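Chemist: Need the 3D shape of this:
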Amino acid sequence: MKKVLYPGSFDPITKGHMNIINQASRLFDEVIIAVMKNNNKKSSFFTISERVKIIRKLYKDNPNIKVITGEGATCDIALKNGCYFIVRGLRSLSDYNYEVELNQFNKEISNNQVNTICFFADREYQFTSSSGVKEVYSLKKDISHYVDPYVLDQMKKKDK
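Modeler: Now for the predicted structure:
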């Protein structure tokens, strides 16, 4: 069984993330979404457990998609879950440069056991980021183009 790890903060999960998940699910038997704790981010909209709950709800009908939490080295989480591949989404050239660097680190610290596969986000999601979505939402603007209706509903409930 070929498995891939898709790590990220997913705060919130966007249609861009979902686009990458859908692409990966067509190539791999199992996509493991790792909701990562990011100590570099000062604040979050959703807690990690809320993010996991939301993503599990979105993919409840997809038996080949699993959601976990993760902290620490991504390649260690991948290997712990039987994944020899990490999937990442590319939106722009700056994403590419960042992902090349991460790939080299992950390969090196995993003794070349883990490699990264990058998918290009479809055109309508190339400028979609969680931080951008949160900023537009904080301005009380419509974000329905960027997130699933269930995610938007959960954001509105949290914001009350």
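
Chemist: now the strands for the chain?
Modeler: Assigned by DSSP state E, the strands in the chain fall at 3-8, 30-36, 65-70, 85-90, 115-120.

Chemist: Of those strands, which is nearest Ser130?
Modeler: strand 3-8 (8.2 Å; CB to CB). C-betas here are computed from N, CA, C, even on glycine.

Chemist: Report all helices and strands that that closest one contacts.
Modeler: Applying 3 or more CB pairs under 8 Å, 6 or more residues apart in numbering; DSSP states H and E, we find strand 3-8 packed against helix 15-27, strand 30-36, helix 74-80, strand 85-90.

Chemist: Extract the C-alpha set from it and format it as PDB.
Modeler: Taking C-alpha atoms only, strand 3-8 is exported to PDB below (Å, rounded to 0.1, in the frame of the first residue of the first chain):
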ATOM      1  CA  LYS A   3       0.900   6.100   1.500                       C
ATOM      2  CA  VAL A   4       1.700   9.800   1.500                       C
ATOM      3  CA  LEU A   5       1.900  12.300   4.300                       C
ATOM      4  CA  TYR A   6       0.400  15.800   3.700                       C
ATOM      5  CA  PRO A   7       1.600  18.000   6.600                       C
ATOM      6  CA  GLY A   8       0.400  21.500   7.400                       C
END
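
Chemist: and the angle for that strand with helix 15-27?
Modeler: Interaxial angle, strand 3-8 versus helix 15-27 (axes from the mean of the first three to the mean of the last three CA atoms, to 10 degrees): 170 degrees.

Chemist: tell me the average confidence for strand 3-8?
Modeler: The predicted model assigns strand 3-8 a mean pLDDT of 97.

Chemist: which parts of it are buried?
Modeler: Using 16 or more other CB atoms under 10 Å as the test for burial, strand 3-8 gives 3-8.

Chemist: Could you do stretch 101-121 as well?
Modeler: 102-103, 106-107, 110, 114, 116, 119-121.
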